[in-house]
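[1] Predicted model and sequence below, questions to follow.
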Number of protein chains: 2
Amino acid sequence: MTEPFVVIGGDAAGMSAASKAKREDPSVDVVVFERGEWVSYAACGMPYYVKGDVDDLDDLVTVTPEEFRTERDIDLRTGEEVVDIDPDAEVVTVDADGETYEQPYGELLIATGASAIEPPFDGLELEGVFTIHDMDEADAIEEYVTERDLETAAIVGGGYVGIEMAEAMAAHDIDVHLYEMLPHVLQPFGEDVADVVEEHLRTHGVNLHLETAVSGFTGAKRVGGVELEDETVSADIVIVGVGVAPNVDLAEDAGIELGPTGAIATDEYGRTTAENVFAAGDCAEARHVVTGDPDHVPLALTANRAGRAIGQTVTGDPTPIGEIAGTAIVKAFDLGAARTGLLEDQGREAGFDPVSVTISASTRAHYYPGGAELTVTLVADRESGRLLGGTVVGREGAKRIDTVTMALHAGMTVTELQNADLAYAPPFSPVWDPVLTAAKVLAGKLE
Amino acid sequence: MTEPFVVIGGDAAGMSAASKAKREDPSVDVVVFERGEWVSYAACGMPYYVKGDVDDLDDLVTVTPEEFRTERDIDLRTGEEVVDIDPDAEVVTVDADGETYEQPYGELLIATGASAIEPPFDGLELEGVFTIHDMDEADAIEEYVTERDLETAAIVGGGYVGIEMAEAMAAHDIDVHLYEMLPHVLQPFGEDVADVVEEHLRTHGVNLHLETAVSGFTGAKRVGGVELEDETVSADIVIVGVGVAPNVDLAEDAGIELGPTGAIATDEYGRTTAENVFAAGDCAEARHVVTGDPDHVPLALTANRAGRAIGQTVTGDPTPIGEIAGTAIVKAFDLGAARTGLLEDQGREAGFDPVSVTISASTRAHYYPGGAELTVTLVADRESGRLLGGTVVGREGAKRIDTVTMALHAGMTVTELQNADLAYAPPFSPVWDPVLTAAKVLAGKLE
């Protein structure tokens, strides 16, 4: 008898793989272990639940555990945790309510995700101090906010989570203080985006404290203050969002190799260094389309796509997991900010000679009402003219980053991008889309 | 003494070329002949002036004649018409207020544009019957509409102009009847788009008369009716928008070759068959990125880009005019509709074996407020999997057609498009952007 396809982790990568395998070959047995109770949920939606834009936490669930079991015939075991992988014996050891048992696998997918980093702060355990690492935590934050009359929120970290939670707290009329150790928020988006976002955050009443290190939190049982270098400031709620780290212990303990980023190393099919063991999603690396090197960008689409490809591969149709461009987009109040590929510093690190331009242009024809200023940065390699990456930020049009991403996947030069026949009509774009204008200016600079 | 760079036509292609040539090499003499008085105006903005979204017709002018003369040092001769080209002698004959004179050229650009087609209808000369062929006509329509209490407008033709003018008329509380000979509006966008647009037009009170031929207009001095096959219906204003034809007489008379589309044939640098004579914009062909064949898509970006490239070429830096994908986008009340590349019929004509899918998906995460349904059609070649074209239509997100266009420029397969790392966050897209979802489904169909 053939052993089942076993999946560790029931979110984006895991459930995509499980579902795809079943759809491709209903005769394959698929077992999924999820140590929590939530599966297939949109973690990215949690800030909007806290904000109040999403009424019910269940709305963030795409497919329920029951639907996976009955409609998709997946043996989903929630509340059971894989505690050991034995790649030689091809079995995993499972902890189910304190009892352990062994589960053999034919093929295994490690989709253990990532966890919010908990810095070594004093007082992390205080009531009212949150990371936003899972659905239960999102639920707890929402409850904390709506059931109390909070005056001041401290957000620690100016990444996606920090920015999104600042917006969420402000929506509850809480005075928001955001603390970022670095000189700018949204570090991976570069300074051009950060400048625009920071000004916008301030306009919306967010108190930005850049280059400001937090060392801990004070309070008796419940948090009351944030410790900075020289002072302690008051805070009724603290949200820590300083990044995530891949959950790799299980893989590492099994002798599976990690890559240079610290996430699980994979090949173009998502295979790890252990035979018949795949890894996908926030715990795994993927290949960067510009550098060709392994990278770790824990985002939902990468996880979904890799999972889906692996589901196809294990049913006999080898399918590459695809390359990533490091594309990301974030909403900050009324702004959209997006990035893709390599910005100047990253380009230099990767051995290119990056040249960059930043332009601002309207998202619509200058005479057409309602347009917004879009700031576009493009980066290219001086010698080859190859596009390396870019960013956009504005009140509308942030999805135009996709044009830049497509150029990266195509390996286009700036001149090739400049010549793209993008859509124009006055309500949608100037004749030269802002991305094309940026390409024109950058091409001129490269001459 | 070197003869000047002479440009015939002072709109998008012409003024782009003139400006670029001067910017690249200020020592080059540039002479532009424009038979009208308006130069460098946004013809695409005219419907929005008529509608009332744009206050002043002058707002549609990017650069004034005076600015071209003084700031850009261009010898712009408005009100002067080139009536003959002699490519052997390298001179053009100019009519200036009835007096003719000869102007020698070193290099010549024909940028004579296109004209609204005037079908052989009875009563085209009646007061209140308009084509929307230039700024003076836009002005006249606006005046006619605002100074009279019109009850019924007849729009003849369901292309861009017809759709945009239907919206403009409706904004003035005029009862709109739109007559289209073909079974659907927006023929180049295909039926999937047409279905959505037609339903939307009806929702906004537009009376659609499909497969309905108009044969003429009735009225004493002023129009009062539209003649259909079996009846005459009342109309207080008529707008005829049945397409445009390239202005090629001047070129043809000079022995310059036209291409298969009837527009002026050009090579990749915009050169015609006559030495030192270029053609660009609505009067000229350009190369289609999918077929590699000459095509005639008279739109603003193509004109601007080709003009700019030619301005560069004539100053000693040979620059290709770029390829076109036949990308177009149009607003119909609250909808955006866009197309690019080859749809099924066109793909078949071009020798491909087209396979097509149409999907509908939200523009945002399903739980995030404010998303709109986007209908996406993608077409690919069965054998090679190469993407041929596509359309999108919806209340937001029509610019996502640019993703499809980029894939066409890159010569991507559907699988390659499916693997693009497009931007995702709940306020901007589902995890799988609707374009990616369409690619997934189409890839499945191609297997």
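    Received the coordinates, thanks. Numbering: from 1, shown residues only, chains lettered A, B, ... in the order given.
[2] Could you check how far residue A:211 is from residue B:189?
    Residue A:211 sits 52 Å away from residue B:189, going by Cβ to Cβ, to the nearest Å. No exception for glycine: its C-beta is placed from N, CA and C like everyone else's.
[3] quick one: which of the two has more around it?
    In this view residue A:211 and residue B:189 are compared by other Cβ atoms under 10 Å in any protein chain shown, and residue B:189 has more residues nearby, 25 against 10.
[4] contacting residues around the closest residue to the more buried one other than its chain neighbours?
    Nearest residue to residue B:189, sequence neighbours excluded (Cβ to Cβ, 6 or more residues apart in numbering or on different chains): residue B:339, at 4.6 Å. Residue B:339 makes contact with B:188, B:189, B:190, B:193, B:326, B:327, B:328, B:329, B:389, B:390, B:391, B:401, according to Cβ atoms under 8 Å, 6 or more residues apart in numbering or on different chains.
[5] Just the buried ones from those residues, in ChimeraX syntax?
    Restricted to buried positions by 16 or more other Cβ atoms under 10 Å in any protein chain shown, the ChimeraX selection for those reads:
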select /B:189,190,193,326,327,328,329,389,390,391,401
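[6] Can you lay out the contacts of residue B:339 as JSON lines showing secondary structure and pLDDT?
    Shown next, in JSON lines, are the contacts of residue B:339 (DSSP: H, G, I helix; E, B strand; the rest coil; pLDDT from 0 to 100):
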{"residue": "B:188", "secondary structure": "helix", "pLDDT": "96"}
{"residue": "B:189", "secondary structure": "helix", "pLDDT": "98"}
{"residue": "B:190", "secondary structure": "helix", "pLDDT": "97"}
{"residue": "B:193", "secondary structure": "helix", "pLDDT": "98"}
{"residue": "B:326", "secondary structure": "coil", "pLDDT": "97"}
{"residue": "B:327", "secondary structure": "coil", "pLDDT": "98"}
{"residue": "B:328", "secondary structure": "strand", "pLDDT": "98"}
{"residue": "B:329", "secondary structure": "strand", "pLDDT": "98"}
{"residue": "B:389", "secondary structure": "strand", "pLDDT": "98"}
{"residue": "B:390", "secondary structure": "strand", "pLDDT": "98"}
{"residue": "B:391", "secondary structure": "strand", "pLDDT": "98"}
{"residue": "B:401", "secondary structure": "helix", "pLDDT": "98"}
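[7] Wasn't the residue nearest to residue B:189 part of a helix?
    No - according to DSSP: H, G, I helix; E, B strand; the rest coil, the state of residue B:339 is strand, so it is not within a helix.
[8] how near is residue A:299 to residue A:16?
    14 Å.
[9] Out of the two, name the residue with the larger neighbour count.
    Neighbours were counted for residue A:299 and for residue A:16 using other Cβ under 10 Å; residue A:16 has more, 26 against 23.
[10] Show the contacting residues for the closest residue to that one other than its chain neighbours.
    Take residue A:16 and drop its neighbours on the chain: the residue closest to it by Cβ to Cβ, 6+ apart is residue A:307, 3.2 Å away. Residues near residue A:307 by Cβ under 8 Å, 6+ apart: A:12, A:13, A:14, A:15, A:16, A:17, A:20, A:109, A:111, A:280, A:281.
[11] Near residue A:79, how many other residues are there?
    Neighbours around residue A:79, by other Cβ under 10 Å: 12.
[12] Quick check, it in contact with residue A:96.
    Yes - between residue A:79 and residue A:96 there is a contact under Cβ atoms under 8 Å: 7.1 Å.
[13] show me what contacts residue A:218?
    Contacts for residue A:218 (Cβ under 8 Å, 6+ apart) come out as A:122, A:123, A:224, A:225, A:226, A:227, A:232.
[14] Is the residue nearest to residue A:16 in a helix, a strand, or coil?
    Assigned with three-state DSSP, residue A:307 falls in the helix class.
[15] got the domain boundaries for chain A?
    For chain A, the structural domains run A:5-115+A:245-313, A:118-242, A:337-446, going by automatic domain parsing.
[16] For the last one, what is the distance to the chain centroid?
    Just to be clear, that refers to domain A:337-446. From the chain centre to the centre of domain A:337-446 is a distance of 22 Å (Cα atoms, centre = their mean, to the nearest Å).
[17] Span of that domain from start to end?
    Start and end residues of domain A:337-446 are separated by 26 Å (Cα to Cα, to the nearest Å).
[18] Can you give me the distance of the residue nearest to residue A:235 when sequence neighbours are not counted to chain B?
    Spatial nearest neighbour of residue A:235, excluding adjacent residues (Cβ to Cβ, 6+ apart): residue A:154 at 3.8 Å. Distance, residue A:154 to chain B, by Cβ to the nearest Cβ, to the nearest Å: 24 Å.
[19] Helix, strand, or coil at residue A:154?
    Under three-state DSSP, residue A:154 falls in the strand class.
[20] what is it paired to in the beta sheet?
    Beta-bridge partners for residue A:154, by DSSP bridges, are residue A:177, residue A:238.
[21] Could you check how many residues crowd around it?
    28.
[22] thinking again about what came up before, any idea which of the contacts of residue A:307 is the one closest to chain B?
    residue A:12 (7.5 Å; Cβ to the nearest Cβ).
[23] and the gap between the residue nearest to the spatial centre of chain A and chain B?
    Most central in chain A under Cα atoms, centre = their mean is residue A:299, positioned 3.2 Å from the mean C-alpha point. According to Cβ to the nearest Cβ, residue A:299 stands 7 Å off from chain B.
[24] repeat for residue A:443
    According to Cβ to the nearest Cβ, residue A:443 and chain B sit 10 Å apart.
[25] Going by secondary structure, residue A:233 is in what exactly?
    Secondary structure from DSSP states H and E places residue A:233 in strand A:232-234.
[26] for that strand, which positions count as buried?
    Using 16+ other Cβ under 10 Å as the test for burial, strand A:232-234 gives residue A:233.
[27] per-residue confidence averaged over it?
    For strand A:232-234, the mean per-residue pLDDT is 97.
[28] what does that strand contact?
    The contact list for strand A:232-234 (Cβ under 8 Å, 6+ apart) reads A:151, A:152, A:154, A:177, A:218, A:224, A:225, A:226.
[29] and the second one, what does it touch?
    This means residue A:152. A:174, A:175, A:176, A:177, A:234, A:235, A:236, A:237.
[30] distance of residue A:287 from chain B?
    Look at residue A:287 and chain B: by Cβ to the nearest Cβ, they are 11 Å apart.
[31] Disregarding flanking residues, what is the spatial nearest neighbour of residue A:407?
    Closest residue to residue A:407 apart from its sequence neighbours, by Cβ to Cβ, 6+ apart: residue A:417 at 4.6 Å.
[32] Ok, residue A:137 next?
    For residue A:137, the spatially nearest residue (Cβ to Cβ, 6+ apart) is residue A:130, at 5.9 Å.
[33] Partner strands of the helix or strand harbouring that neighbour and their direction?
    In this structure, residue A:130 sits in strand A:129-131 according to DSSP H and E. Its sheet considered, strand A:129-131 pairs with strand A:237-240 (parallel) by DSSP bridges.
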